[in-house]
Every structure is written in C-alpha cells, then in structure tokens.
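[1] quick one, what's the 3D model for this:
(2 chains)
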Amino acid sequence: MIYLATIRIALRALARNKMRSALTMLGIIIGVGAVIAMVGVGQGAQQQSQQQIASMGSNLLFVGAGTVNRGGMHMGWGATKSLVEDDLKAILKQCPSVADAAPGDGTGVQVVYGNENWSTRITGTSPDYFDIRNWQVQSGSEFTASDVESSANVAVIGQTPAQNLFGDSDPVGKLIRIKDLPFKVIGVLAPKGASAGMGQDQDDVIFAPLSTVQKKLTGDTWLQWIIVSAKSKEASYAAQQQITDLLRERHRIRPGMDDDFFVRNMADLAEFRDAQNRLFTLLLASVASISLIVGGIGIMNIMLVSVTERTREIGIRMAIGATEEDVQRQFLIEALVLSLLGGGVGIALGIISSLLITNMAGWPVLVSPMAIAVAALFSAGVGIFFGYYPARKAAQLDPIEALRYE
Amino acid sequence: MVTLAQGTPATETPAWKGPVIQVENIHKYYDLGETKVHALRGVSVEIARGEFVAIMGASGSGKSTFMNLLGCLDRPSSGRYLLEGTDVSELTKAELALIRNQRIGFVFQGFNLLSRTTALENVELPTLYTRRHMEAAEREKLARESLQMVGLGDRVEHFPSQLSGGQQQRVAVARALVNRPSILLADEPTGNLDSRTAVEIMQIFQDLNDGGLTIVLVTHEHDIAQFAKRTIIFRDGKVRKDEVNEEQPRAMEVLKTLPTLEED
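    Predicted coordinates for the structure are as follows:
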C-alpha cells in the first residue's frame, strides 16, 4: 500500500474524532513547546554568560585575600589582612605575564543626595581599574592618579545609583554624602548589566580613589583584592602561577601550608559557568521532556482505544487482503501523523513562548535550529515508540475474530 | 467440468483449467483451553470453475469454519486445500493475505462496509492492498466498473448510512469483485435483508455466475439456496449431502411474482 494513501487514511481517521485528536496532540504540543522554550532559556543564559565573560575580558585574574572555599566559587575577599599594596607593586614588577593590575578595598555604604538615599557598595581603586575592566564612563570622567595621591573626595558612580539618586538629571558635578562625607560625582559609568551567572547588578557600584576609601571610610591598610590583566588569554595561566608563587614567597607561606589568598582565573570561571549553564539547560530540558513522554503516553492510550473501536475495520481490511504489515503501518502512521502534527504546532508554540519569555521576563532566549530539529525528531520518535505497541496489537488481531467483533 | 466458451467479465481468463477448489480430507480443531472442538471431521469437496454452490447446515455444523478455510482466513489442522492448484495450507500469513486480495471476494452478512467512507471508496479498498502500484484513476475506474456490474452506477458518492440494506450489500459485492477474483465467497449475504431484496441480491449472483464467476454461498434458507446450481449440506463437521440442483428458478422471474415495496 502506498504511503500517501495511508497518510490520507490516517488524516481522515483523525478528523473523525477532532476533539480527541486535538487533545491527544495537545500533550505533544505542550511537550515539544516546553522543550524548545526551556532549551532556549538555557542556551540564552549560556550565551549571555559567555558574552559577559568575554566583555569582562577573558585574560583577567582576581587575587583575593583569604582562602578559597574548596570546590566553590565563593569570592569572599577581605577575609585576611595580608594582601597589601606592596604585593600589587611586586606583581607588576616581577610577574612577566602580567600586563596591568589594580587594587580594591570597599565597604557597604548609604549614599545620600538631597531627599534620596541609596544603599550600595563603595570600592576604592586606582584609575587602572577602569582600563583593566574595559569600563568607560558615560559622562564626566574617571578619577586620576593625582586624585588617588591626594585622597580626593571624588566618586565615579554606576548606572543604578545614578538613576536612583538623580533620576533623569545629570549627576556629574553634584555632591553626594557618604558616611557624612561629601563626595563630588565626577563621572557616571556605562551600563554593564547583570553579572554572568550570579545575576548580580554590576551597575550598583560607586568607585572612589583607594586612598580616600581606605583612610576615610574603611580604615583598612590592606587590600581586599587585586584585579590583574594578563598579557593575553593564553598567558593568564602562567600569570596565575607566577602570582601564586610570588605571593606565597612574600607572605612567607611554607610548603604544605594553605595560601592566605586565592587567584581566580577568568578562563576557569568561564568554563565553570559554562558547565553550570549546561547543567541548567539539561535540567530544564529533562523536565520538559517528561511532558513530552506524558504526551506520548496520551498517544498510546488513544491509539489503543482506536484499535479497539476499529477492530471490525481491521477485520474487514485483513479479509480483503491487508497483511499484518499493512495494518501495522496504518496505525503507526496514524500515531506518527498525530505526533508530527503536534510537534509542528509545538515548535510554533515553543518559538512564540520563547519570544514571550524574552519580552516579558527580559531573559535572553536562544531558539536554535538544532533544538527545533531535535524536537521534531523527538516527537516523531515518540509517535513511533508509543504507536508501535497499539499498531502491533492491531496487526496481530485474528481476522475471523475481528470480523465477528461487535 | 464446466468450460467457459466466452471470456468472463468478472474474471480474467484463467490459466488454471482444473477445479478452482480442491479440499481433501480437511480437519479443523479448536483448542479452547479445557475443551477441544472438532469443527471439521474430514471434509472433501471439489468445486469447478463456474459453479454456484450453496452450503447449508445448522449452526455448529462446521459450515462457517469451512467458509473461513475456503476464504484463506484460517488454515486447516490437517488435510489439503488447493485453490486453483496452489496448496494454500502451506502459505505464510502474508501470502494468504495476497490470495484473499487477488483471488477471493468476500461478501458478509452484515455488509461490513467502512462507515464514513463513500461507496466508491469502499469498493476501491481492496485495490490498496494489491502489492503493485496503481494510479488513483485506475483504482477508481475498476471500482466504477464493479459498481456498474451490481447495478449501482449512481449513488457512488453516498455513505453507507445513506444507502438501503440492499444497496449496501451491492456495494459489498462490488468491493468483492473489484480485484476480479476467481471465487466469490458469500457468508449469509441475505441474512439481514428482506425477502424481496434478498432475491435481488441472488439475481446479481446469478448474473455474475452466468458471466463465469465461481460462487460459494453459505445460507440456511432453502429459498435462497434454490438459486444455486449445487447444494452441500454440512452436519457435525462432515458433508452430509452434496447434490446438484437440476432446475434452478431464475431470480428475475421470482422477482416478478413478489410484491414490490411500493405496493406494501
């Protein structure tokens, strides 16, 4: 029997019970739609994370004071007082793979402007920081080395405090109060968005000269962290080794003792975030796949009902010359048509809901052709897998019994 | 032995000149768990081309089992069944399906048409299983010819539910004829019909038989069996009586004596 005729027969059989066919398809529609949307969310997050890490610079290293949480990515800097500015100078002088470095020391503060106030974190650093992070000011300017020298009360603020304190007006030149000290806003940073993976708002920051923050706000004489740029992405591993060796020596840590600092490589971070996102995607996809399987069970259920209802038809077809293969093919194609139609609508639904997620939740959703192809194949697979048993059952009917069936 | 002088409209010129059906000492057991039913106890029958045989017998006599075997829906437990010289007891299920498709036409008591499928499509159904490619136009042509043979040239686009019982059975006969089979097997074809419509169906059978088609008919009504050329009576799984009907009434003549439905 030719396939085209079989497909026509299948379509007509499905059209006979429109409501039932539609409800059966709904299972597959939801399953396929969910898989596409969920994989899209996962891949979107992965892509965003990769872009953010790339925009931060994949040649960056963080040197933090304190010990690394074993196995974790926790950046609990500032836990020890052993990291100092001399370490920074030594890194710049003695590590050949290091291009640039900037210090960091900060504290959480309440910032006041007029009637508005905003709780954020102020970080003291050097002007090199903005170069290393490749972070431009949107308006105004960065502070200079002489501001650091003179411990000037100047601040460069991020987008979030700028909007919360100043609304639409230009913050540059205005005076803000931090811990009762007046700071002159000299620049507003360009937006960075949420950080990769962790979702922290990178724009919720205020920068000031290191000396100002240390002397007037924290009272620290040590650093919480140092940010280092290696000469290239490839050199970052060498730089990591050089910094580790140097700091162990400078901090007089004997062999076998734990470091009192940690060096975190952005390449490692990128890899870790990638793995995290893959896991996230896999998790979402497997949850969505369950609904696809449930949809498949729905198909199997309806096909079994259909085989029973049409026992007599099967008997007639067998009596006039249909072989077991013919009958099996007829029901298999019916299940396949059901699942593929559902898959088609499900793909459309998945794309639409991805767009909705992007628009409404603001998440980047990446619908890849690969995910669509896999979903289409998967729904065909579901049709064949769950259609096989009912089709086999139909094919194995005894024509004499089937003809007698009422 | 009946030899046909002229070609038949219902069958292609057959290569096999021997008996269409040769059944030799067939037994059939059904194993129903605890009990074992011996449905056929050594049946031997030979049916030549162009015969019109009525098979009669009480229920449980084995006539239905015999029809299922003739129709290649079932295989004998022992004995031989040769259909046009081919021993079908040896064939696989798929080969039997092809035999049913090509050489046997079935007509059932309950018509067994597919509902929500037009008369024409019902008749086309066997052409879907011929194992060779057939254009849709060719299939439709064969189906329309078959419908002409049973006098249903019009109403081909109607659904079974829109047709009378007699018309439905004509569609079923047309379906049985569409692949130009060697034999037509009818299992109580008039069982669900009123007496006048039953005779009308018998008229079609007689006409087809006149054209050379071999017909085997199961019935329990003598009024129907009398139209056949030969009657075989089954009892307790054996052939009890096998006789030639010397004189058969013509269904067309009988119809004239019956009141028409309009006069009822």
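
[2] in the stretch 151-264 of chain B, what residue spans correspond to strands?
    In the stretch 151-264 of chain B, the segments counted as strands under DSSP state E, counting those that start in this stretch are B:183-187, B:214-218, B:230-235, B:238-244.

[3] whoops, I mixed them up, chain A
    A:60-65, A:98-113, A:116-125, A:137-140, A:154-157, A:175-178, A:181-189, A:205-209, A:225-230, A:261-265 (DSSP state E).

[4] and those: which comes nearest chain B?
    In terms of Cβ to the nearest Cβ, the element of the strands of chain A nearest to chain B is strand A:261-265, at 66.8 Å. No exception for glycine: its C-beta is placed from N, CA and C like everyone else's.

[5] what angle sits between that closest one and strand A:60-65?
    170 degrees (axes from the mean of the first three to the mean of the last three Cα atoms, to 10 degrees).

[6] mean neighbour count for the strands of chain A - can I get that in TSV?
    Shown next, in TSV, are those (neighbours: other Cβ atoms under 10 Å in any protein chain shown):
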stretch	mean neighbour count
strand A:60-65	23
strand A:98-113	20
strand A:116-125	19
strand A:137-140	15
strand A:154-157	26
strand A:175-178	18
strand A:181-189	20
strand A:205-209	26
strand A:225-230	25
strand A:261-265	21
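
[7] any chance of those in CSV, plus distance to residue B:193?
    Output for the strands of chain A, formatted as CSV (distance: least, Cβ to Cβ, whole Å):
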stretch, distance to residue B:193
strand A:60-65, 92
strand A:98-113, 96
strand A:116-125, 93
strand A:137-140, 93
strand A:154-157, 96
strand A:175-178, 101
strand A:181-189, 93
strand A:205-209, 93
strand A:225-230, 96
strand A:261-265, 90
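
[8] in CSV, list the ones you listed along with distance to chain B.
    As requested, the strands of chain A are exported to CSV (distance: least, Cβ to the nearest Cβ, whole Å):
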stretch, distance to chain B
strand A:60-65, 68
strand A:98-113, 74
strand A:116-125, 72
strand A:137-140, 70
strand A:154-157, 74
strand A:175-178, 79
strand A:181-189, 71
strand A:205-209, 71
strand A:225-230, 70
strand A:261-265, 67
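
[9] can you put those strands in a markdown table and add mean pLDDT?
    Converted to a markdown table, those look like this (pLDDT from 0 to 100):
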| stretch | mean pLDDT |
| --- | --- |
| strand A:60-65 | 87 |
| strand A:98-113 | 91 |
| strand A:116-125 | 91 |
| strand A:137-140 | 89 |
| strand A:154-157 | 93 |
| strand A:175-178 | 91 |
| strand A:181-189 | 92 |
| strand A:205-209 | 93 |
| strand A:225-230 | 91 |
| strand A:261-265 | 85 |
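
[10] the residue of the stretch 301-406 of chain A found nearest chain B: how many residues sit nearby?
    Proximity of the stretch 301-406 of chain A to chain B (Cβ to the nearest Cβ) peaks at residue A:321, 2.3 Å away. Residues within reach of residue A:321, counting by other Cβ atoms under 10 Å in any protein chain shown, total 27.

[11] give the contact list for it.
    Shown in contact with residue A:321 (Cβ atoms under 8 Å, 6 or more residues apart in numbering or on different chains): B:97, B:98, B:100, B:101, B:102, B:126, B:129, B:130, B:179.

[12] from residue A:29, how far out is residue A:290?
    15 Å (Cβ to Cβ, to the nearest Å).
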